[in-house]
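[1] give me the fold of what follows.
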Amino acid sequence: MTDIFDFWETVLARLGERISPEMLNWLMSHVLPLTLTEDTLTAQVSKPFLKIWLEQNLLSDLQATVNEVAARPLTLQITLPQATDVPTSPLPSTNSTETSTLPEPPVPIFTRPTPSVEQTTLPIAASTAATQDTQVAAVSENERNFGKRSIPIDPSCTFDNFIVSNSNTLARSAAFAVAQQPAQYQNPLFIYGPSGLGKTHLMHAICNYVRAHTPEKKFLFLTSEDFTNDFISALTQKGVEHNRAFREKYRSVDYLLIDDVQFFGKKDGTQLEFFHTFNELLNSKKQIVMTCDRLPENMEKVEQRLISRFRMGLVVEIQPPDFEIRSAYLQKKAAAADISIPTEVVSFLAENFTEDFRELGGVFNRIATLQSLSPEPITVEWAQQQLADILPAERRIILNPDVIINEVASFYKIRRDKLVGKTRPKNIVFPRQIAMFLCREMLDLSFKEIAAAFNKNDHTTVMHAYDKIYKELQTNIKLQEDMQQIRQFLTGG
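    Sure thing, here's the model as predicted:
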């Protein structure tokens, strides 16, 4: 009989001709072939929601390819590990609040010791996103009952406008799954990654989805600091009624969403209260979603029993956005602001600002504001000048004649068109000669090429300018200082 792994490799190779590389990588990472008989191929995925996604988006292509490679019809069975089988309907609620009813957490399958796109990629099918209702309903009466400490939900943060790439696909898929079916497969959901990558956007998106589709559900979205302050307030006011009100607020919800749980560190009393709140919600089959800037085990001064509970469900990472998602983000911002930004400028910004969306959004806002105040078109050179103080030093300037001409014109406060024109006043001619000199010194260009950049037919004009500035630099201290400042900008020094 054919070796199952050889057979599976052939299937994947053939399937790679039909599906995207992202989907193929996902199959290779998350689907394990188990058995191959004369009439059946059995494969396994690790989580129920992954099985559902596979059946909805890839099963038909996979089945066709299996039959093709086998040269006969085979039954394709997708199974789950025995230990993680979960009923398709919610389990009966239990009244017990004992912490012993909570199982010890398994090792999260999707937590990675080192970043690897292939290990966490779960492609989003277009049909899934298309079914979402982006209209956000009015705030329900239930939400108003939670007081001032809950975070106001941003209606603009939805699953539809969350830009998806390999760096955040699994987090987006898991968040959408808990919004649709709370407390079934991934509870708690723990999303971690550096600030500014979209974790909070997903929290808002869950709340907006619940508002629109199940408005009868109660949710509470707040930061760990808000929870701590609420807890301290309840202790300060004393009295049984205040403690009861606090616990009712947090334990009567269907969704509890806590942002930045790393700030629970060193707050022993808060950790104890959150531990009991966590247990109560989990035993009542309520959904918990948390964000953090690090893995649970890397949280400082947080009790081990809390960390173990954070790992009970699904731990997923959001990585810094890749080039494609940064470009898409900028294009989306430009479209929303009705600003036309050339593709090469978008690429320049996406290549140079790589940390997070907050940084990229700030860069875009700066470009948009400055462009509205300037008659100049948006070019890479113009963007370099406007962002010189925040660009990475090694990427501040891509030198060419236009960059040098623009900088000299800016330094001497004259218009660029005057510098490359035919006017001959002294206040124009001298800066023009400086620009020609710098083009010769800093660029690998001939005198003829420099003349063309200045709209000159005769390259001897450039030769004369070069000789004159070279001699002036021997004795003219003011020119030496000016030249040093201009060079520092052009070299990012």
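[2] burial count for the spatially closest residue to residue 460 that is not a sequence neighbour?
    Counting by Cβ to Cβ, 6 or more residues apart in numbering, the nearest residue to residue 460 once its immediate chain neighbours are dropped is residue 447, at 7.8 Å. For every residue, glycine as well, the C-beta is placed using N, CA and C. When neighbours are counted by other Cβ atoms under 10 Å, residue 447 registers 20.
[3] OK, contacts around the residue positioned nearest the centre of the chain?
    The residue lying closest to the centre of the chain (Cα atoms, centre = their mean) is residue 197, at 3.7 Å. Contacts here follow Cβ atoms under 8 Å, 6 or more residues apart in numbering; on that basis residue 197 touches 167-168, 318-321, 356-357.
[4] same question, residue 443
    Contacts of residue 443 by Cβ under 8 Å, 6+ apart are 399-401, 404, 450.
[5] same thing with residue 151?
    Counted by Cβ under 8 Å, 6+ apart, residue 151 has contacts 221-223, 226, 259.
[6] so which of those residues wins on neighbours?
    residue 221 (24 neighbours).
[7] what about residue 361, how many residues nearby?
    With other Cβ under 10 Å as criterion, residue 361 counts 15.
[8] so which strand or helix has the residue nearest to it when sequence neighbours are not counted?
    Distances taken as Cβ to Cβ, 6+ apart put residue 333 closest to residue 361, at 6.9 Å, once the chain neighbours are dropped. According to DSSP states H and E, residue 333 maps onto helix 323-337.
[9] quick one: the strands in the stretch 151-300 of the chain?
    189-192, 219-223, 255-259, 287-292 (DSSP state E, counting those that start in this stretch).
[10] who wins for proximity to residue 439 among these?
    Closest of the strands of the stretch 151-300 of the chain to residue 439 is strand 189-192, at 50.0 Å (criterion: Cβ to Cβ).
[11] against which helices or strands is the closest one packed?
    helix 169-180, helix 199-213, strand 287-292, strand 314-317 (3 or more Cβ pairs under 8 Å, 6 or more residues apart in numbering; DSSP states H and E).
[12] try 7 Å this time
    helix 169-180, strand 287-292, strand 314-317 (3 or more Cβ pairs under 7 Å, 6 or more residues apart in numbering; DSSP states H and E).
[13] which helix or strand in the protein has the lowest average pLDDT?
    One helix or strand of the chain scores below all others by mean pLDDT, DSSP states H and E: helix 117-120, with a mean of 32.
[14] how close does the residue nearest to residue 486 when sequence neighbours are not counted sit to residue 436?
    Computed as Cβ to Cβ, 6+ apart, the closest residue to residue 486 that is not its neighbour in sequence is residue 411, at 5.5 Å. In this view, residue 411 and residue 436 are 15 Å apart by Cβ to Cβ, to the nearest Å.
[15] check contacts around residue 225.
    By Cβ atoms under 7 Å, 6 or more residues apart in numbering, residue 225 lies in contact with residue 263.
[16] which pLDDT does the model give it?
    Looking at residue 225, its pLDDT is 87.
[17] before we move on, the earlier item: backbone dihedrals for the residue nearest to residue 460, please?
    Backbone torsions for residue 447, taken as degrees, to the nearest 10, come to phi -60, psi -40.
[18] thought it was touching residue 461?
    No. Using Cβ atoms under 7 Å, residue 447 is not in contact with residue 461, being 8.9 Å away.
[19] show me the shaky parts of the stretch 301-450 of the chain.
    Counting by pLDDT under 70, the ranges of the stretch 301-450 of the chain that qualify are 392-398.
[20] can you pull out the helices in it?
    Along the stretch 301-450 of the chain, the stretches classed as helices by DSSP state H, counting those that start in this stretch are 304-310, 323-337, 343-352, 357-372, 380-386, 401-411, 416-419, 426-442, 447-453.
[21] as TSV, those helices with distance to residue 252 would be great.
    Below are these laid out as TSV (distance: least, Cβ to Cβ, whole Å):
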stretch	distance to residue 252
helix 304-310	20
helix 323-337	38
helix 343-352	45
helix 357-372	34
helix 380-386	52
helix 401-411	62
helix 416-419	66
helix 426-442	69
helix 447-453	71
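[22] how about the ones you listed, which one is nearest residue 204?
    Using Cβ to Cβ, the helices of the stretch 301-450 of the chain put helix 357-372 closest to residue 204, at 13.6 Å.
[23] which residues does residue 40 bridge with?
    residue 75 (DSSP bridges).
[24] could you report the neighbour count for the residue nearest to residue 361?
    As a burial measure, residue 333 scores 20 neighbours (other Cβ under 10 Å).
[25] look up how far residue 363 lies from it.
    From residue 333 over to residue 363 (counting by Cβ to Cβ), the distance is 10 Å.
[26] my guess is residue 172 contacts residue 164, does it?
    Yes. Taking contacts as Cβ under 7 Å, residue 172 lies within contact range of residue 164: 5.6 Å.
[27] domains of this protein?
    4-79, 141-317, 323-395, 401-491 (the TED database).
[28] related to what we said a few turns ago, list only buried entries from the contacts of residue 443.
    If you count burial by 16 or more other Cβ atoms under 10 Å, the buried members of the contacts of residue 443 come out as 399-401, 404, 450.
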